[in-house]
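Asker: Sequence and predicted structure below; questions after.
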Amino acid sequence: MTNPGLIDLARALYAALRVGDREKLGTLLHPQFVGTIADGMPFEAGGRHDGPDAMRRDGWGVIARNFVAYAEPNRFEQVGDTGLLVMGRYRGEGKRGGSTLDAAFAHLLSFEDGRIRALEQYTDTERWHQAASPFHTLLLEFADGVATLRLNRPEQGNAINAEMASDLEEAATRIAERSDTRAVLITGNGPNFTVGGDVNLFAGTASEELPNRLRRMIDDYHLALDRLMSIDAPVIAAVRGAAAGGGLGLVHVADIVIAADDARFALGYGALGLTSDGGNTWFLPRTIGLRRAQELFLLNRRLTAQEALEFGLVSRLVAANLVDTEAADVARKIASGPTKAYGAMRRMLRQSFETDLSDQLRLEKDSIVLASCSDDAREGIAAFAARRRPDFRGS
C-alpha cells in the first residue's frame, strides 16, 4: 500500500517547482539531496547534481531559463519503504522558438527524515530537444508581442555561415507566420553584432565548390531579409561592436537602429575580391546617398559610430552597456502600437523611392482609408477624444 505521506511530499514538490517557490523547496529537500537529470537533456542540464543549491542552479534552473514547463504527475507507486515512483507528463513549450513540449516522465524519489533525499529523472529527451529550439546558430524568443532574434556564434564574431543563413531563413519565416508578432528585435551575443560572411568558411572551401556554396547560403540569407522587410511588425536592431559585410543587411531591414557609441561599420568586399550581398547595393544609396555608398564600396572605408549616425545608417547612439536595454525598451513600446498601421507605413516608406508623387499620394489615401476601418483606428480615435492612452491590439 502506498504511503500517503510520501505522495503528499511529492505533490508539494511538483507544486513548488511549478510556481518557483524557493522557500518551499528549501523545506522539502533534504540537506544532502541528490538530483539526477536524464543524460541527453538539452542545455547540459543532465547529470548528477549534489545538494539542493546545485539542483536548483544547474538542473531545474537551467530548465526554467529555457522552457516554460511543468511536471503533471498522474500515478504514484511505492518502492520499498522509502521510495516512490511517480509517472506523468511534462507539458509546456520552449522559450526559443521550439515546438510544444509533451513528454512522458518517470521520477524515482527517495525520502529521509520526512524530506526528499533524492530524485532520479527518466524522460524522452528527444521531445525536450524538439521543444528547445530548431536553431544551432541563433536564439529566437517570443514574449509580449516581441520576437527577439539573437545571433549566437560569439566566438566567431557572429559570422554568417551556411548554417546561420538557413537558421535566419527559418527564424524569419516563423516570425512572419505568427500573428502575435508586433515588433522584432535583432541583436547578437558576444562583443559583435556580426562581422559579416564567414571568411574562414570561404577560405576553407575548394575554389570550384565556392560558387555553389555561396549561392545556396546567400539564397537563404536573402529570403530571410525579404521576409523581415515584408512583415507588418517594425524591426529594431541593437548593434554592438562590428556590423560588417553582408551582415549589414540585418541593419538595413531595421526601422530603428540603436548602436553603441563605439560600434564599427564596414563593407570589406573589395579587400576579398568580391562584390556585395545582404542588399547593400540597394539599401546604402537610399540610406546614405550614392556618393557615400561608392566611397564605402571602393575604398573599403570603415565608419565610426558617430559617422554612421551622421550618415543616417543608425538612428541613435548609446553607451555599449545600454544598447540591449535601450533597444528592448523601444521594441516593447512599438509592440504596444497599431501593428497593421505600422506595416502599411513601412511599405510606403520603402517604396517611396520608386514611386512618383502622384502615385504616392494615391497610396497614402488608399492606405489611410483602409486603416480607418481597423479596430486599432477606432480605439485610437476614441482614446484621443477621451484623453486617455490607447490600448492597441495590433488589428
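Answerer: Received, thanks.
Asker: rest of the way, CA atoms for contacts and neighbours
Answerer: Noted.
Asker: domain assignment for the protein?
Answerer: For the chain, automatic domain parsing gives the domain ranges 4-132, 138-335, 345-386.
Asker: is the spatially most central residue of the chain in a bridge, and if so with what?
Answerer: Centroid-nearest residue in the chain, with CA atoms, centre = their mean: Leu140, separated by 2.6 Å. Residues in a beta bridge with Leu140, per DSSP bridges, are Leu149.
Asker: just use 22 as the starting number from now, easier for me
Answerer: Let's use 22 as the start, then, which means that last one is Leu161.
Asker: these two touch, right, it and Pro155?
Answerer: No. Under the criterion of CA atoms under 8 Å, Leu161 is not in contact with Pro155, lying 9.4 Å apart.
Asker: Looking at per-residue confidence, what score does Gly268 get?
Answerer: Listed pLDDT for Gly268 reads 97.
Asker: Apart from its neighbours in sequence, what residue is nearest it?
Answerer: Among residues not flanking Gly268 along the chain, Gly217 sits closest, at 4.3 Å (CA to CA, 6 or more residues apart in numbering).
Asker: With Met250 instead?
Answerer: That would be Val274: by CA to CA, 6+ apart, it lies 5.8 Å from Met250.
Asker: Could you list which residues are in contact with that neighbour?
Answerer: 246, 249-250, 256 (CA atoms under 8 Å, 6 or more residues apart in numbering).
Asker: Now do the contacts for Arg410.
Answerer: Ala404.
Asker: cool, the one 4 residues further on as well?
Answerer: If a contact means CA under 8 Å, 6+ apart, then Arg414 has 357-360, 396-397 as its contacts.
Asker: which of the residues in the host helix or strand of Gln315 are buried?
Answerer: Secondary structure assignment for Gln315, by DSSP states H and E: helix 311-320. Residues of helix 311-320 classed as buried: 314, 317-318 (neighbour count, 16 or more other CA atoms under 10 Å).
Asker: how about those residues in a markdown table, adding distance to Leu46 and pLDDT?
Answerer: Below are the buried residues of helix 311-320 laid out as a markdown table (distance: CA to CA, whole Å; pLDDT from 0 to 100):
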| residue | distance to Leu46 | pLDDT |
| --- | --- | --- |
| Ala314 | 60 | 96 |
| Leu317 | 59 | 95 |
| Phe318 | 60 | 95 |
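Asker: Same list, these, but as TSV with distance to Ile196 please.
Answerer: Formatted as TSV, those follow (distance: CA to CA, whole Å):
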residue	distance to Ile196
Ala314	31
Leu317	32
Phe318	32
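Asker: low-scoring stretches of the protein, by residue?
Answerer: By pLDDT under 70, the low-scoring segments of the chain are 22-23, 117-119.
Asker: Among the contacts of Val274, which one is most surrounded by other residues?
Answerer: Val256 (27 neighbours; other CA atoms under 10 Å).
Asker: OK, contacts around that residue?
Answerer: 204-207, 249, 274-277, 352 are the contacts of Val256 under CA under 8 Å, 6+ apart.
Asker: Please look at Leu305 and Ala314 and confirm they touch.
Answerer: Yes. Using CA under 8 Å, Leu305 is in contact with Ala314, at 5.8 Å.
Asker: quick one, helices of the stretch 22-171 of the chain?
Answerer: 25-40, 43-49, 73-75, 82-87, 146-153 (DSSP state H, counting those that start in this stretch).
Asker: An error on my part: the question was meant for the stretch 272-416 of the chain.
Answerer: Using DSSP H, counting those that start in this stretch, helices in the stretch 272-416 of the chain cover 290-293, 301-309, 311-320, 326-332, 344-356, 360-372, 378-392, 396-407.
Asker: so how far is the third one off the chain centroid?
Answerer: Relative to the mean C-alpha coordinate of its chain, helix 311-320 is positioned 33 Å out (CA atoms, centre = their mean, to the nearest Å).
Asker: what does it rub up against?
Answerer: 287-291, 305-306, 322-323.
Asker: quick one on the thing from earlier: if we take the buried residues of helix 311-320, which one ends up nearest to Ala264?
Answerer: Leu317 (13.6 Å; CA to CA).
Asker: Could you measure from that closest one over to Ala281?
Answerer: With distances taken as CA to CA, to the nearest Å, Leu317 is found 20 Å from Ala281.
Asker: so the residue nearest to Gly268 makes contact with Val272?
Answerer: No. Assessed by CA under 8 Å, Gly217 is found out of contact with Val272, at 11.4 Å.
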